[in-house]
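Q: Here you go, sequence then predicted model.
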Amino acid sequence: MSELFDEVDEEVRREQLKKLWDKYSIYFIALMVLIVAAVGGWRGYQYLEAKKAAEAGAAFDKAAELAEQDKHAEAETAFTELAAKAPSGYRTLARLRAAAEVAARDPKAAAKMYDELAADRGVGGEWQDLAKIRAAGLLLDSASYADVQQRLEPSAAPKATFRHSAREMLALSAWRNNDMTAARKWLDAIAEDGETPPGLRSRAEALQALLPPVAKS
């Protein structure tokens, strides 16, 4: 008797499942189609992005070769074109290299390009700091200490990635503009930072020796 009830229960379950399938099968099929399409679309997107990155990498290497061959005008054009159409990573690198090529013929124009990159929050903080350093380096001989300070002081903070270079430039700018107090401040910061590179530390010590002695009170 129990076997008969089991058979009846099984038949009921099959009937219920059939009704559910008849009612909802179209939605299930549609969902499966959407999943397959989504996976296919994502794979296609990944393929296209990888292809773009590979093409950008090859174009970047070619532009770098032109620069190494002293074909700076051609390299500038190549980097500028790459900066306009490459994926974000290569775009930022190309903008930096394009500015470096321009610097050889027009430092002020290159500094402006670096300033534009430094103001672009989309590239990320470290790239912005690097652009600030590059721009300040081009203007170091002509800019006032106040200008260099405005540009670089945030990049000289204790945990900043490029703090060592920023501090050296700030010290040099202060020294060239006869602000010995500021120069001493930045040279002290270089000396007190245990992670200061040895070469930079040596240059800072040489500059420190050129400063007039501190007046005794």
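A: Everything's here; your move.

Q: tell me the average confidence for the helix or strand encompassing Gly199?
A: Using DSSP states H and E, Gly199 sits within helix 198-210. Here helix 198-210 scores 94 as its mean pLDDT.

Q: Trp175 is in contact with Trp145, correct?
A: Slight slip there: residue 145 is Tyr, not Trp. No. The pair Tyr145 / Trp175 is not scored as a contact, 9.0 Å apart, by CB atoms under 8 Å. (C-beta placed from N, C-alpha, C; glycine too.)

Q: Near Glu81, how many other residues are there?
A: 14 (other CB atoms under 10 Å).

Q: what's whichever strand or helix holds it packed up against?
A: Applying DSSP H and E as the criterion places Glu81 in helix 72-85. Under the contact criterion of 3 or more CB pairs under 8 Å, 6 or more residues apart in numbering; DSSP states H and E, helix 72-85 touches helix 2-68, helix 88-103.

Q: How far does it sit from its chain's centre?
A: Counting by CA atoms, centre = their mean, to the nearest Å, helix 72-85 is centred 18 Å from the centre of its parent chain.

Q: Show me what counts as buried in it.
A: His72, Glu74, Ala75, Glu76, Ala78, Phe79, Thr80, Leu82, Ala83 (16 or more other CB atoms under 10 Å).

Q: before we move on, what about stretch 178-196?
A: Asp179, Ala182, Ala183, Arg184, Trp186, Leu187, Ala189, Ile190, Thr196.

Q: repeat for stretch 150-165
A: For stretch 150-165, using 16+ other CB under 10 Å, the buried residues are Arg151, Leu152, Ser155, Ala156, Ala160, Phe162, Arg163, His164, Ser165.

Q: same deal with stretch 117-137?
A: 117-118, 123, 127-137.

Q: next one: stretch 136-152
A: Neighbour-count burial for stretch 136-152 [16+ other CB under 10 Å]: Ala136, Gly137, Leu138, Leu139, Leu140, Ala143, Tyr145, Val148, Gln149, Arg151, Leu152.

Q: how would you label the last one: helix, strand or coil?
A: Secondary structure, DSSP: H, G, I helix; E, B strand; the rest coil: Leu152 is helix.

Q: Could you check how many residues crowd around the closest residue to it other than its chain neighbours?
A: Closest residue in space to Leu152, ignoring its immediate chain neighbours: Ala166 at 4.4 Å, by CB to CB, 6 or more residues apart in numbering. Residues near Ala166, counting by other CB under 10 Å, number 25.
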